[in-house]
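>>> missing the sequence, but the structure's below:
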């Protein structure tokens, strides 16, 4: 018989119990933190109409949509260009915009502070740490036009990551209006702007000369490209918002005010461990951003763990214009950080194993299991018929090898009616607590 390939589809993965436990812990901490700040959890479908996903301003991600073929007679009559009508969502922002427009009346017309945690799909080339299905974790505020929304998003996200134990965060921030106004100042034509922004986004990876060549290839004069790049670097010198420098290249006071408000969060004692950096080179690839934009990173690991910004024009596509902004935690990357840091919620569980000498003893053991669970213990049953001594040795070996820290006990319900409690791991006085709970139920 040929060997069956049981590996997940390319770009997908299975998650082991520890990996799931870490993600459950993250979700619990994040939801509690977000709800404290007035956010409410919503859900949107995994599948959206294709015409809503394409042309949404999602940049390169729109090219990575998993498309769903038409069904039945519609598929038979479809042309090559119209063979698909649905797609899997590539982010949570586009579905949120549709959701808000569709449910506006039910939402009461007030400001919506939403939480979304769920899978998204992108048909990327799989590589280490990058999968075709992954979880996104977003908070968004729709209906608040001022910088107060950005400040709430940033502070709430930083608080959540702090509670998860993610250290030494760096928040780099910029403003899409600043980018537009700098391009205006240097006379960059509208048809070249998208390409120029893409080139500027490479300043952290390529030399200034190489980026200048990319801009010149778009039809920009060499001296203009050189002056633009020099000014972009100068504006962010020291990572501080310098109003005088901004004014020299025509940046509006309102833009400088927004940037200064974000920078002022650094003076909040709650975020003294966070490095706030004004960086004009922060572009962010999504074409739908219209105002402040920001990226959160762990510099020592060399990758981003979050980002977001304002997208005031997104909802116009769905007939319900409203100011909006959001912040997305890099859920999978934070999970990876916790995994590599050795974090394991399963190690701290208090566990009791109950061996049943006979299945008929389940009814007698069930009330004791219920009492233990009420006291906070995880309780499982073993009806395999293996001898108590062998099971106990196996549990003790597993406890020692796994590095568990919680209390672990073993209860043997013998066929002769005897009940014996043994220590697997943890402090002996804690095992006495288990014995006490067992005795009170005999």
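Good, I have the coordinates. Model, not experiment: these values are computed from the prediction. Numbers count the residues shown, from 1 in each chain.

>>> only C-alpha atoms for contact and neighbour calcs from this point on.
Fine.

>>> quick one: low-confidence ranges for the stretch 301-442 of the chain?
Low-confidence regions of the stretch 301-442 of the chain, defined by pLDDT under 70, span residues 440-442.

>>> Show me the residue sitting in the middle of this protein in space.
Closest to where the C-alpha atoms of the chain average out (CA atoms, centre = their mean) is residue 331, at 2.7 Å.

>>> so what secondary structure elements neighbour the helix or strand harbouring residue 328?
For residue 328, the host element (DSSP states H and E) is strand 324-329. Applying 3 or more CA pairs under 8 Å, 6 or more residues apart in numbering; DSSP states H and E, one finds that strand 324-329 contacts strand 133-142, helix 148-163, strand 303-310.

>>> Quick one: closest of the ones you listed to residue 426.
Proximity to residue 426 (CA to CA) singles out helix 148-163 among those, at 26.7 Å.

>>> now that closest one: mean pLDDT?
Taken as a whole, helix 148-163 carries a mean pLDDT of 96.

>>> packing partners for it?
Packing contacts for helix 148-163, counted by 3+ CA pairs under 8 Å, 6+ apart, involve helix 17-36, strand 133-142, helix 253-263, strand 324-329.

>>> Make CSV out of these and add mean neighbour count and distance to residue 401.
Putting these into CSV (neighbours: other CA atoms under 10 Å; distance: least, CA to CA, whole Å) gives the following:
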stretch, mean neighbour count, distance to residue 401
helix 17-36, 16, 15
strand 133-142, 22, 31
helix 253-263, 17, 48
strand 324-329, 26, 34
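
>>> how about these, which one is nearest residue 362?
Evaluated over these, closeness to residue 362 peaks at helix 17-36, with 26.5 Å, by CA to CA.

>>> What is the closest one packed up against?
Secondary-structure packing of helix 17-36 (3+ CA pairs under 8 Å, 6+ apart): helix 148-163, helix 331-340.

>>> Name the surrounding residues that touch the strand holding residue 328.
By CA atoms under 8 Å, 6 or more residues apart in numbering, the residues outside strand 324-329 that reach it are 136-145, 149-150, 153-154, 157, 305-312.

>>> repeat for stretch 26-46
By CA under 8 Å, 6+ apart, stretch 26-46 touches 88-89, 95-96, 99, 112-116, 119-120, 139, 156-157, 159-161, 163-164, 335.

>>> Could I get the average pLDDT for that stretch?
The predicted model assigns stretch 26-46 a mean pLDDT of 97.

>>> chain center to that stretch, what's the gap?
Its chain's C-alpha centre and that of stretch 26-46 lie 11 Å apart, by CA atoms, centre = their mean, to the nearest Å.

>>> next one: stretch 326-338
Stretch 326-338 sits 4 Å away from the centroid of its parent chain (CA atoms, centre = their mean).

>>> pLDDT weak spots in the stretch 1-150 of the chain?
Residue ranges of the stretch 1-150 of the chain with pLDDT under 70: 56-61, 76, 80.

>>> one more time with 80
Scanning the stretch 1-150 of the chain for pLDDT under 80 picks out 1-2, 55-63, 73-82, 109, 127-130.

>>> all helices for it, in order.
For the stretch 1-150 of the chain, the helices defined by DSSP state H, counting those that start in this stretch occupy 17-36, 50-53, 72-76, 93-102, 148-163.

>>> list the buried ones in the shortest one?
Read that as helix 50-53. Buried residues in helix 50-53, defined by neighbour count with 16 or more other CA atoms under 10 Å: 50, 52, 53.

>>> With the fourth one instead?
When neighbours are counted by 16+ other CA under 10 Å, the buried residues of helix 93-102 are found to be 93, 94, 95, 96, 97, 98, 99, 100, 101.

>>> repeat for stretch 236-244
Residues of stretch 236-244 classed as buried: 236, 237, 239, 241, 242, 243 (neighbour count, 16+ other CA under 10 Å).
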